[in-house]
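**Q** here you go, sequence then predicted model.
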Amino acid sequence: MFRLASLALIVAALGLSACAADAAGRNQVAGEITVTEANASVARSSGHFGYGQDASEAEIAGWDIDIRPDGVGLPPGGATAEDGEMLYEDQCALCHGSFGEGVGRYPVLAGGEGTLTDERPEKTVGSYWPYASTVWDYIHRAMPFTQPESLSDQEVYALTAYVLYLNDLVEYDFELTQDNLASIEMPNKDGFFLDDRPDTNNVACMSNCKDPASIRITSSPPVTEAVEPEVADPGVAEASDGRSIYEQACALCHAAGVGDAPIPGDASAWAERISAGREALIASALGGKGLMPPKGGQVQLSDEDVAAAVDYILELTAN
Amino acid sequence: MLQQISDEGQKLPQAERRNFLKNGLLLAGSAMAGGTIGGKVSAADENLPPNVPAWTRSLGQGVLTNPYGKPSRFESNIKRRAVPWLTADRFASISFTPLAELDGIITPSSLVFERYHGGIPDIDPDDHRLMIHGKVDRPIILTVDDLRRFPSTSMIRFLECPANGGMEWRAAQMDALQFTHGMLSCCEWTGVLLSTILQEVGLQKDAAWVLAEGADGAHMSRSIPLEKALDDALVVYAQNGEPLRPEQGYPIRLFNPGWEGNTSVKWLRRLEVGDKAWYHREETSKYTDLLADGRARKFSFLQECNSVVTFPCPEKPLRDKGRYEVEGLAWSGSGKIKRVDVSFDGGVNWRAAKLKGLILPKALTRFGLEWDWDGSPAMIQSRAVDETGYVQPTFTQLRAARGMSSIYHRNAIHTWRLQADGKVSNVQIS
């Protein structure tokens, strides 16, 4: 009982200190969080329920992947942009372009310096990102898109160096390491400030609030046909449900012809491949071919699933 | 006895089918002969008074026809939709809630908008773990069952992507409520207060931030200030009474009431307590608000007070002159909605709407206002005020404060243009 009551007080105290300007409870960060004695009080009340297992260092190490601007979290290692060039071309250029210019609607990584006040700002690693650590963290965390956490730490250093190099932030032969990454100064590091809203001050006027003659339509949507976009519901892949497997593992590239992936239904693009026979197509899909990773990057799929997807592509192409 | 009823029922539909075919042929015959059929005569009329429809004179389907249930087949138009050109692919993408089709304040789980950055992971809950570590006294790993043993809390709160309406910063672009405001839902969320879990593991003195991370391929990660974590942040395992849907973070997600949806990390696998923010991609490159002067707001978590008229709207035009109840939704991440006003003349004059049903903090609140439409064109707007006194801004005010490149947090007063023919379209006005 005492524990619960003290926690309530702590919560109230923290809330008040952080939202001093706004007693009505608008949860805004008014500044960097201040450490209070309250935290220590919470610490003393540890272990009331006793649920769960203690997390071992090894268990934590396997999941603790986050990197901070001060370099905390970086594993030992180092690599140059030169080390990353071929890797970038193999693993990244398909979507981000050889120069970081972006393919289709995939993110632009380089360029855009000085455009943040333009009508169409180009927010890239070089023009917008405040910290280089975020590049390392994100590549390791979420890239390549279809196979996250498949790169070694050395490869992540190499790709981070290469992306920084594409933005003219490091030299081609500069070795980026766990010791110097935090010291890379990003051009827009001072471009951010803590949320200071509200930044508008409307009043609830009820009558004659504006001159009716001043009202004109400034924009309306371009005339379009009734919007009925594709139904995007691949569902969970069922065994030998070729369409679902295709949607899940193949469509990302094949539906749009990304990286010269042949589009199902394009008979001429498939002619040579089909002539090699179904088994050869399945073998390519299982083992990978060119830019296509094994099983399209969906390693959890069974061989039968992949074969079903190949059959689905063949069916689409035959029709 | 039951068998007898069942047998009778088996016979009826066949008889109905024969009648339907016979009548259909008669109608077709009279039409071909040039005979008038009176405009209102159709096959459906045989279901209307004084006739008695087939479903009233037969057995329906038995229990367990749909063990987890599904909507009537006549409601197949009610579904989430996407805007194909908005994102590069369907794996880091978004779909929109069909707000025009919904009533009350609860969004059915099946219709909650979707947003993910690496597809929907297919997680076996027995193999899912939540790790809590960092600046804590006792780092622990919880199973989903462990989590469910903690005292639970339920709260009805809205969930909104901060990019809701973001396509409209430069100009009106989408001619449907589903696309102008559909990154918005409201559910009852059930789980364990994050403060309970942090109390359980014990915070160290310099604890100030909590990193939340997902188990999806994108490993979605956001830095959450400790004050929010100790306030009303909830580790959720159920929505609207059922286990979270896979696209909503099954088996567990974080939920930060009133804050931008991206912070409510789905498929939650890890909470790390630290003394500083992490400045990951989704809190630097994305989810920061670029202003006209080239600087950007960071950690702009709050979803400020907003509202929109849901009837009429482009999907729900008016059919005839006469009396209507204009309806809409209002919400604020700062607390309860205090009032909503509606204008029919583009913001010159306003009338107070009635707040309907539950009025809860950080939840969708429905409003309505009876209105006699005389068939004249109108510019319909709604303007919400929350309990802090904050008044939803005009788009002109918002643009003056932020420019046009903010992408996020566009909570401006919205305008529907009602034409004399009853059609409704999206416009921006001066």
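**A** Right, received. Where do you want to start?
**Q** what about stretch A:126-133, start to end distance?
**A** One end of stretch A:126-133 to the other measures 13 Å (C-alpha to C-alpha, to the nearest Å).
**Q** please enumerate residues in contact with it?
**A** A:67-71, A:74, A:110-116, A:121, A:135, A:160, A:164, A:166-169, A:181-182, A:184, A:186-192, B:279, B:284-285, B:290, B:296 (C-beta atoms under 8 Å, 6 or more residues apart in numbering or on different chains). Heads up, the C-betas are built off the backbone N, CA and C, glycines and all.
**Q** pLDDT on it, on average?
**A** Across stretch A:126-133, pLDDT averages out at 98.
**Q** equivalent analysis for stretch A:48-63, please.
**A** Here stretch A:48-63 scores 96 as its mean pLDDT.
**Q** tell me the domain boundaries of the chain?
**A** All of this is about chain A. Following automatic domain parsing, chain A resolves into domains at A:2-48, A:64-183, A:242-318.
**Q** that's the wrong chain, I wanted chain B
**A** B:106-287, B:306-427.
**Q** out of those, which one sits most buried?
**A** domain B:106-287 (a mean of 22; mean count of other C-beta atoms under 10 Å in any protein chain shown).
**Q** as CSV, the domains of chain B with mean pLDDT and distance to A:Asp196 would be great.
**A** Formatted as CSV, the domains of chain B follow (pLDDT from 0 to 100; distance: least, C-beta to C-beta, whole Å):
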stretch, mean pLDDT, distance to A:Asp196
domain B:106-287, 97, 15
domain B:306-427, 98, 11
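**Q** can I get those domains in TSV including distance to chain A?
**A** Formatted as TSV, these follow (distance: least, C-beta to the nearest C-beta, whole Å):
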stretch	distance to chain A
domain B:106-287	3
domain B:306-427	4
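**Q** so for A:Asn202, which of those domains sits nearest?
**A** Smallest distance to A:Asn202 across the domains of chain B (C-beta to C-beta): 4.0 Å, for domain B:306-427.
**Q** how distant is that closest one from the center of its chain?
**A** 16 Å (C-alpha atoms, centre = their mean, to the nearest Å).
**Q** before we move on, the earlier item: okay, the domains of chain A, which one's buried deepest?
**A** A comparison of the domains of chain A by mean neighbour count, using mean count of other C-beta under 10 Å, puts domain A:64-183 on top with a mean of 19.
**Q** so what pairs up with the most centrally placed residue in chain B in the strands?
**A** Closest residue to the average C-alpha location of chain B: B:Ser185 at 2.2 Å, with C-alpha atoms, centre = their mean. Judged by DSSP bridges, the bridge partners of B:Ser185 are B:Leu159.
**Q** where does pLDDT dip in the stretch 101-250 of chain A?
**A** Applying pLDDT under 70 to the stretch 101-250 of chain A picks out residues A:223-240.
**Q** measure stretch B:79-86 end to end?
**A** Its start and end residues considered, stretch B:79-86 measures 18 Å (C-alpha to C-alpha).
**Q** and if you look at stretch B:288-296?
**A** 6 Å.
**Q** which parts of that stretch are buried?
**A** Applying a neighbour-count criterion of 16 or more other C-beta atoms under 10 Å in any protein chain shown, one finds B:Thr288, B:Asp289, B:Leu290, B:Leu291, B:Gly294, B:Arg295, B:Ala296 buried in stretch B:288-296.
**Q** what is the nearest of these to chain A?
**A** Taking C-beta to the nearest C-beta as the measure, chain A lies nearest B:Gly294 of these, at 3.9 Å.
**Q** show me where the stretch 51-200 of chain A has its strands.
**A** Taking DSSP state E, counting those that start in this stretch as the criterion, the stretch 51-200 of chain A contains strands spanning A:53-54, A:78-80, A:175-177, A:192-194.
**Q** cool, and the stretch 201-350 of chain B?
**A** Here the stretch 201-350 of chain B has its strands, by DSSP E, counting those that start in this stretch, at B:209-214, B:221-225, B:234-239, B:242-243, B:253-255, B:268-274, B:289-290, B:296-298, B:306-311, B:322-331, B:337-343.
**Q** can I get those in CSV including distance to A:Asp90?
**A** Output for the strands of the stretch 201-350 of chain B, formatted as CSV (distance: least, C-beta to C-beta, whole Å):
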stretch, distance to A:Asp90
strand B:209-214, 27
strand B:221-225, 26
strand B:234-239, 39
strand B:242-243, 40
strand B:253-255, 35
strand B:268-274, 29
strand B:289-290, 33
strand B:296-298, 33
strand B:306-311, 45
strand B:322-331, 46
strand B:337-343, 53
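**Q** pretty sure A:Ala204 sits against B:Arg339.
**A** Yes: in this structure A:Ala204 lies within contact range of B:Arg339 using C-beta atoms under 8 Å: 7.4 Å.
**Q** near chain A, from the buried residues of stretch B:288-296?
**A** Restricting the buried residues of stretch B:288-296 to those near chain A by C-beta under 8 Å from any C-beta of the partner chain leaves B:Thr288, B:Leu290, B:Gly294, B:Arg295, B:Ala296.
**Q** what's the farthest-apart pair in those?
**A** Pairwise over these, using C-beta to C-beta, the maximum falls at B:Thr288 and B:Gly294, 12.2 Å.
**Q** the helix or strand containing B:Val385 packs against which elements?
**A** Under the criterion of DSSP states H and E, B:Val385 resides in strand B:378-386. Applying 3 or more C-beta pairs under 8 Å, 6 or more residues apart in numbering or on different chains; DSSP states H and E, one finds that strand B:378-386 makes contact with strand B:306-311, strand B:322-331, strand B:337-343, strand B:415-418, strand B:424-429.
**Q** okay, it in PDB with CA atoms only?
**A** Output of strand B:378-386 as PDB, limited to C-alpha atoms (Å, rounded to 0.1, in the frame of the first residue of the first chain):
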ATOM      1  CA  ALA B 378     -22.000  25.600 -47.900                       C
ATOM      2  CA  MET B 379     -18.500  25.500 -46.500                       C
ATOM      3  CA  ILE B 380     -18.700  23.100 -43.500                       C
ATOM      4  CA  GLN B 381     -16.100  23.200 -40.800                       C
ATOM      5  CA  SER B 382     -15.600  22.000 -37.200                       C
ATOM      6  CA  ARG B 383     -13.400  23.600 -34.500                       C
ATOM      7  CA  ALA B 384     -12.600  21.800 -31.300                       C
ATOM      8  CA  VAL B 385     -11.500  23.200 -27.900                       C
ATOM      9  CA  ASP B 386      -9.900  21.000 -25.300                       C
END
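**Q** after that strand, which helix or strand is next?
**A** As assigned by DSSP H and E, the chain's next helix or strand after strand B:378-386 is helix B:395-402.
**Q** show me where the chain has helices.
**A** You didn't pick a chain, so chain A it is. A:2-18, A:37-44, A:57-63, A:81-91, A:93-96, A:133-142, A:153-166, A:242-245, A:251-254, A:267-275, A:278-287, A:303-318 (DSSP state H).
**Q** I was after chain B.
**A** Under DSSP H, chain B gives helices at B:2-32, B:144-149, B:177-181, B:194-201, B:226-229, B:395-402.
**Q** for the second one, packing partners?
**A** When you say that, I think you mean helix B:144-149. Going by 3+ C-beta pairs under 8 Å, 6+ apart, helix B:144-149 lies up against strand B:234-239.
**Q** now with 10 Å, please.
**A** Packed against helix B:144-149 by the contact rule (3 or more C-beta pairs under 10 Å, 6 or more residues apart in numbering or on different chains; DSSP states H and E) you find strand B:130-134, strand B:140-142, strand B:184-193, strand B:234-239.
**Q** mind putting these in a markdown table, distance to B:Gly104 included?
**A** Conversion of these to a markdown table gives the following (distance: least, C-beta to C-beta, whole Å):
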| stretch | distance to B:Gly104 |
| --- | --- |
| strand B:130-134 | 32 |
| strand B:140-142 | 34 |
| strand B:184-193 | 9 |
| strand B:234-239 | 15 |
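**Q** among those, which is nearest B:Ala176?
**A** strand B:184-193 (13.6 Å).
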